[in-house]
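**Student:** From the sequence below, what's the structure:
(one chain, ligands or ions: 1)
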Amino acid sequence: MKWPFRKAGAKPGTRSGWAVMRTLLMPHKGRITLLSLASLAAAMLEAMFIVLLTGIGMALVGGKGLVGPAYGQYLPINIALIAAAGSLVLRVVLSLVAVQLSADLTAVVSTEQRQRLSHAFLRTSWSVQQADPAGRLQELLTSFVSRITQAVSVLATAITASLSLVAFLLAGVAVDLVSTVAVLFALSLVGSVLSPMRRSIRRRSAKNARAGLDFANAVSELGALGLEMQTYGTRRAFEGRIDELTVESTVTQRRTQVLQGAQPQIYTSLAYGAVLAGVGVLFLVGFRNLSIIGAVMLLMLRSLSYGQQLSNASASIAGFLPFLEWVEEVVKGYADRPAPIGTVRPASVVPFEADDVSYAYTPDRTALSDVTFRLEPGEALGVIGPSGAGKSTLAQLLLGLRPPSTGTLRADGVPLEDIDRDWWSDRVAFVAQDARLFTGTVAENIRFFREGITEEELRFAARQANILADIEALPHGFDTHLGERGSQLSGGQRQRLSIARALVGKPELLILDEPTSALDGVSESLIRRTLADLHGRLTVVIIAHRMSTLDICDRIMVIEAGRMTALDTPSALRADSEFYRNALAVAGIA
Ligand SMILES: Nc1ncnc2c1ncn2[C@@H]1O[C@H](COP(=O)(O)OP(=O)(O)OP(=O)(O)O)[C@@H](O)[C@H]1O
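**Tutor:** Next comes the predicted model:
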C-alpha cells in the first residue's frame, strides 16, 4: 500500500547558505570583532610562547645564558622564562573570553532564529498556516534551529582557528620566511584538494535535511491516526512505514557523517605528508640551524593543527548550510503571504455583503463561484448544501481568513481586507465542528488568551452556552484543569465550552460550521436552545447538515457545487428548492 504523506514542500536554495549566514551574523558584528581580536591575541601569545620555549630549550642544550638571536637580539634566559609564563597566563584569559563570546553568539542566534520562525508562522495568512505540512514547523524549530546553532558555534571555532593560523604564520615569518611560505602553500594545496569533498557533504546534507522534514511530517500524521490504527489493527503497517522512513533518513545521515568524519583524517595525513616533505627539503639543501628548525617545526605542526580545525569546521559548516537555507526559505514563504492587517474600523460588522464572490484553492480548483448576498443585523442565516459544495470555504471567507479570488466582501461598506484585524477579531466569533481545547483550566479555555474578561462575563457566557451547570459540577468549577486538550470532557461539553468561548467576547457576528454534526440528540438540543436564545441579539450564520439545527434561521442559503442555488425564507424554499425539500424529507421533517 502506498502511504500518501506529504513531502517536505518548499524547495530550498534560492539564497545560498553563506549569504543567509552573513545576514544572520550581520547584527552581531561587534561581538564577532571582539571574538576575532581575543582569538588573534591568544594565538599570538601562544606562538610567542612556542618560540620562547624553543629558544630556551636550545640555549639550555647549548649551555648558554642567552636566548636568540632573533633579528640580532638576545634575551637573558630568566627574562625569557618570565615572558613565556606571562604569555601563557594571558593566553588562557583571552581564550576563555573567546569561548564566552562564542557561547553568547550561539545562544543569541538560536533565540533569534526560533523567534523569527515562530513569529513568521504566526503572522502568515491562514491559507499558508493551514497548508503547512504536519510536523514541519516543529522540526524546523527544534532540529533545524539546533543545526543552525551548531553552524554558528563551528563558525566561531573557524574564526578562532583561522586567526590562530594567521598568528602562527606571522610568527613563522618572524623566525624564517621561506619555511613559512612553504607551510602556507602546503595548507592551501591540501585545502583545495579537499574542496570536492566539501561540496559532496553539502549535497548529501541537503538530502538529509529533506529526509528529516519528511520523517517529521510522517510521524506527526501517524501520531494523529493512533485511534484508527488501534481500531483497524494496522499496527504492523504503521511499524513498517516508520521503519522505512527511519532507514531513509538515517541512510542519508550516515553518508553525510562518513564524509564529514573522513575529511579531517585525510586532511591530517596530507598535512603531515607536507611537513615531512618540508623537512626532507631542508635536509636536501643542507639547512642545519637547529634553533630555527626546532621553532619552525613546532610552529608548522601547531599551524597544521589549526588548519585541521579549520578543515573540520568547513566540512561541518558545509553540512549545516542546507538547514540554514531551508529555514530561510520557509520564513520567506511565510513572510510573502502575511495575514491581512487593515486599519479601517467601520461602525459595525453587519450589514455584511458578499458581492460576486468566488474562491479557488488552486487555479483548477474553484470552490465557490459568484456568491452574492447581504446579511442584516440580528439575522440568523442557515447554510446547507451537499458535502464538498463549498460551505466551509464560505465560512472561512466570512471570517476574513481567506481573501476572495474575485469579488468583494464588505462589512458596513468597508472591504474586509481594509479592516483592522484586531477590531474584527473582537467582533466576529467562530465555532468549528471539532471543538479545539488546550491543556489548561475551564476559565483559561473560555478566555482563550484575551485580556480583561471578568469572572462575571465568564459565567454569563457559560450560561448562554448551556454549559454552566456542567462546569459547576466539576471539582474546582472554572478552575478545574481539563487535562490534555480538554480530554476530560465529552464531545457535547467541549462543543458548548467552545460556544462559551465564542460568546464571551460579545461578538456581533457568530459563525458556526456544523456545530452539532458530531453530537448526540441531547447535546444538539442544548445548542439549539442556546441559538434560539441568541436569536435577534446578534447576527448568526449556521452551516449545518442537521436540518433541526436550522429551525431558528430567518433565511436559508443553499450551496451546490460552489454556487448559491437558493437564498430565501424556509417557507419560500419549501416551494422553490428541491435540495431543501429533499433535506427536510431525509431529516423526517414534514
Ligand atoms: N485546503 C484546501 N485545499 C484545496 N482544496 C480544498 C481545500 N479545502 C477544501 N477544498 C475543496 O473545496 C471544495 C469545497 O470544500 P468545503 O470544505 O468548503 O466543502 P463543504 O461544503 O464544507 O463540505 P462538507 O460539508 O463535507 O464539510 C471541495 O471540493 C474541497 O475538496
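**Student:** Can you name the residues that contact the spatially closest residue to Leu474 that is not a sequence neighbour?
**Tutor:** Beyond its immediate neighbours in the sequence, the residue positioned closest to Leu474 (CB to CB, 6 or more residues apart in numbering) is Thr480, lying 4.0 Å away. Bear in mind the C-beta positions are built from the backbone N, C-alpha and C, glycine included. Listed by CB atoms under 8 Å, 6 or more residues apart in numbering, the contact partners of Thr480 are Thr441, Val442, Ile471, Leu474, Gln488.
**Student:** Ala443 is in contact with the fourth one, correct?
**Tutor:** Okay, so that is Leu474. No: counting by CB atoms under 8 Å, Leu474 stays clear of Ala443, with 11.0 Å between them.
**Student:** quick revisit: please indicate which of the contacts of Thr480 are buried?
**Tutor:** Among the contacts of Thr480, those classed as buried by 16 or more other CB atoms under 10 Å are Thr441, Val442, Ile471, Leu474.
**Student:** re earlier: okay, the residue nearest to Leu474 and the ligand: tell me how far apart.
**Tutor:** 32 Å (CB to the nearest ligand atom, to the nearest Å).
**Student:** now swap in Met197 and tell me
**Tutor:** 43 Å.
**Student:** what helix or strand is that residue on?
**Tutor:** helix 195-224 (DSSP states H and E).
**Student:** Alpha carbons of the following helix or strand past that helix, as PDB, please.
**Tutor:** Under the assignment DSSP H and E, the closest C-terminal helix or strand after helix 195-224 is helix 226-232. Taking Å, rounded to 0.1, in the frame of the first residue of the first chain, the C-alpha atoms of helix 226-232 are listed here in PDB:
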ATOM      1  CA  GLY A 226      -3.500   6.500  16.600                       C
ATOM      2  CA  LEU A 227      -7.200   5.800  17.300                       C
ATOM      3  CA  GLU A 228      -7.800   4.500  13.700                       C
ATOM      4  CA  MET A 229      -4.600   2.400  13.900                       C
ATOM      5  CA  GLN A 230      -5.800   0.700  17.100                       C
ATOM      6  CA  THR A 231      -9.300   0.200  15.800                       C
ATOM      7  CA  TYR A 232      -8.400  -1.300  12.400                       C
END
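**Student:** quick check: mean pLDDT across helix 226-232?
**Tutor:** Taken as a whole, helix 226-232 has an average pLDDT of 77.
**Student:** got the buried residues for that helix?
**Tutor:** Buried residues in helix 226-232, defined by neighbour count with 16+ other CB under 10 Å: Met229.
**Student:** Now do the helix or strand just after that helix and helix 195-224, the angle between them.
**Tutor:** Per DSSP H and E, helix 226-232 leads on to helix 235-284 as the next helix or strand towards the C-terminus. Helix 235-284 and helix 195-224 meet at an angle of 160 degrees, taking axes from the mean of the first three to the mean of the last three CA atoms, to 10 degrees as the criterion.
**Student:** if we can go back for a sec, which among the buried ones among the contacts of Thr480 gets closest to Leu538?
**Tutor:** Of all the buried ones among the contacts of Thr480, the one sitting nearest Leu538 is Ile471; the distance, using CB to CB, is 22.3 Å.
**Student:** residues contacting that closest one?
**Tutor:** Taking CB under 8 Å, 6+ apart as the criterion, Ile471 is in contact with Val442, Ala462, Gly477, Phe478, Thr480.
**Student:** rerun that using 6 Å as the cut-off
**Tutor:** With contacts defined as CB atoms under 6 Å, 6 or more residues apart in numbering, Ile471 is in contact with Val442, Ala462, Gly477.
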